[in-house]
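Colleague: Fold the following.
(one chain, ligands or ions: 1)
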Amino acid sequence: MIGGKMLDIYIYGAQGILLVYDITNYQSFENLEDWYTVVKKVSEESETQPLVALVGNKIDLEHMRTVKPEKHLRFCQENGFSSHFVSAKTGDPVFLCFQKVAAEILGIKLNKAEIEQPQRVVKADIVNYNQDPMSRTVPRPRSSTRMLQCVLSRAEALAAAR
Ligand SMILES: Nc1nc2c(ncn2[C@@H]2O[C@H](COP(=O)(O)OP(=O)(O)OP(=O)(O)O)[C@@H](O)[C@H]2O)c(=O)[nH]1
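Modeller: Below is the predicted model of the structure:
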């Protein structure tokens, strides 16, 4: 089973879901069929129907791309996903991606200045878990997950302020 035992709980009631794959790894794109099948199954039981966004990651490795943009777009069109391309490495344009998803969920239209704003790279503090006594009891969070959480909080704060 994909995603582990907690996956249904994460999906149930979610307002937005980002299906993220690696543009240089075709298998990661193919796997999204299975992930989306789980999303649909869990959402059937929920009153909240999530907005689903398709996110192609690692655009800094465009020269190694194996998933053609047409494939990405067709998958979006067939399923009504919004479409995004990002690089978690450079941060480009991760913030805007979350802002667009948050805006879509809230039914807000982003203005030109917001869309064209210089991309802010969100930096997470680096924790050295080898020297940290907590490392024996606390599982190491993944770097990209931490960064995306920071971005999401900022997007949520922005949406709440409007
Ligand atoms: N060049 C580049 N590398 C990336 C990017 N995003 C993640 N990586 C690298 O890809 C590898 C996997 O990143 P993780 O954050 O572990 O992602 P994951 O989905 O948990 O990957 P798995 O552990 O392989 O399932 C790491 O070496 C990252 O540094 C990106 O946008 N560009």
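Colleague: low pLDDT regions in the protein?
Modeller: 1, 121-122, 131-162 (pLDDT under 70).
Colleague: Pull the contacting residues for the residue nearest to the spatial centre of the chain.
Modeller: By CA atoms, centre = their mean, the chain has its centre lying nearest to L18, at 4.0 Å. If you count contacts by CB atoms under 8 Å, 6 or more residues apart in numbering, L18 has them with V52, A53, V55, H84, C97, V101. Every residue, glycine included, has its C-beta placed from N, CA and C.
Colleague: phi, psi of it?
Modeller: Dihedral angles of L18 (phi, psi; degrees, to the nearest 10) stand at phi -110, psi 120.
Colleague: what does T24 give?
Modeller: Here T24 shows phi and psi, under degrees, to the nearest 10, equal to phi -100, psi 0.
Colleague: OK, contacts around it?
Modeller: K58, L61, M64, R65, T66, V67.
Colleague: Return the backbone torsion pair for the closest residue to it other than its chain neighbours.
Modeller: Distance criterion CB to CB, 6 or more residues apart in numbering; nearest residue to T24, sequence neighbours excluded, is M64 at 4.2 Å. Per-residue torsions, M64: phi -110, psi 10 (degrees, to the nearest 10).
Colleague: Count residues in the vicinity of M64, would you?
Modeller: M64 has 11 neighbours, counted by other CB atoms under 10 Å.
Colleague: Start at 46, not 1
Modeller: Okay, using 46 as the starting number, the last item reads as M109.
Colleague: For N70, see how far away it is.
Modeller: M109 is 9 Å from N70, where distance means CB to CB, to the nearest Å.
Colleague: Next: C121.
Modeller: Taken as CB to CB, the span from C121 to N70 is 18 Å.
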